[in-house]
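In: Got a predicted model here, sequence first, then my questions.
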Amino acid sequence: MAHNKYAGFSLACRMMGLVIAVVILCTWGLSVAFGLSVAHNWASPLSWLWVAVQTHLYTGLFITAHDAMHGTVHPRAQVNRLVGWLAAGLFAYNYYPLLIRKHHQHHRFVATAADPDFHTGSFLRWYLSFLRQYIRWPQLLLMALTFNVLKYFFPLENVLLFWMLPAVLSTFQLFVFGTWLPHRGTPANAHHARSQRKNHLWAFVSCYFFGYHYEHHHHPGTPWWRLWAYKA
C-alpha cells in the first residue's frame, strides 16, 4: 500500500531513507560478527550493554522493514521490497509478504477484531497472540538450522547471547513500545492510539520513535526518523 509520503520532500530527504536503512543493516551485521567471534567477559557490564545494543539493532531491522512496508525507504517500489525482504529475513527469517499484509491490516482495522496486532486479554496473552501472528514453522526450522551451524563455528554462549537472545528481546521491545502501550485500552481518538510524552531521546532508544504512535497512524507515510517532527 503506497502513500504520498514524498510530497514536499527534497531529493536528499528522499534518498536518506535508503542511507539510514543501509547503515542499520550494516551496523547490525558488524555487531553480530563482533558478538559471535570475540571472547567476552560476562562479569563485565559492557558485555551486557552490548547485548542491549544488539537488541536495539534487531529492532532497527524490523523498523527498517516496516518503513519499506509503507514505501518510505526509497521512491522506487522495487528498492523498498528488496530492503524489506532483506531486513525482515535477517530478523529471525521473518517473511516480508506476511508482515506487510498483517501490518496494513492493522492500519485499516486498528483495535478491532480484524486487527492482527490487537488483543483484549492480559499482557501475556496479548504478547503471545502477537507472536503467533508472525511466527511460522519454516521460520523456526531455519532458526534451528542456523543455530546449529553457528554453534559449530562460534562459542555456544556467544550464539545464545548475541544472536538468539537479542532477537527474542527485540520482539518484546517492539510489542511493549509499538503495540501494547500505544493501543491498550483503545484510546478514544480516530486512530485508537496514544503517544508517549515528548522526549526524543527516550523515544528513539525505546523504539525508534514509535512511542509517538498516534503520529505514526496519522502520518503513516512518514519514515521513522522523521516522526519526531510531528510530535507537538
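Out: Perfect, I can see it now.

In: and the end-to-end length of stretch 102-113?
Out: In stretch 102-113, first residue to last residue: 13 Å (CA to CA, to the nearest Å).

In: for that stretch, the distance to its chain's centre please.
Out: Mean-position distance between stretch 102-113 and its chain equals 17 Å (CA atoms, centre = their mean, to the nearest Å).

In: got the buried residues for that stretch?
Out: Within stretch 102-113, the residues that count as buried by 16 or more other CB atoms under 10 Å are H103, H106, H107, V110, A111. C-beta here means a position set from N, CA and C on the backbone, and glycine is covered the same way.

In: right, and the pair among those residues with maximum separation?
Out: The most widely separated members of these are H103 and A111, with 14.5 Å between them, by CB to CB.

In: Which secondary structure state does the residue nearest to the spatial centre of the chain sit in?
Out: Centrality entry for the chain: nearest residue to the mean C-alpha point is F62, 2.7 Å, by CA atoms, centre = their mean. Look at F62: counting by DSSP: H, G, I helix; E, B strand; the rest coil, its state is helix.

In: didn't it look like it was pressed against L90?
Out: No - counting by CB atoms under 8 Å, F62 sits too far from L90 to count as a contact (9.8 Å).

In: Next one, pLDDT for the residue lying closest to F209 once chain neighbours are set aside please.
Out: Leaving aside its chain neighbours, F209 sits nearest to L227 (4.1 Å; criterion: CB to CB, 6 or more residues apart in numbering). Note for L227: predicted pLDDT of 94.

In: L227 touches H213, doesn't it?
Out: No - with contact defined as CB under 8 Å, L227 does not reach H213; the gap is 9.1 Å.

In: what's Q133 in contact with, if anything?
Out: Contact analysis of Q133 by CB atoms under 8 Å, 6 or more residues apart in numbering lists K102, P116, D117.

In: Please identify the helix or strand for the residue in the chain sticking out farthest from the centre.
Out: Distance from the centre of the chain peaks at A43, with 29.4 Å (CA atoms, centre = their mean). A43 belongs to no helix or strand when assigned by DSSP states H and E.

In: how close does it sit to W163?
Out: In this view, A43 and W163 are 21 Å apart by CB to CB, to the nearest Å.
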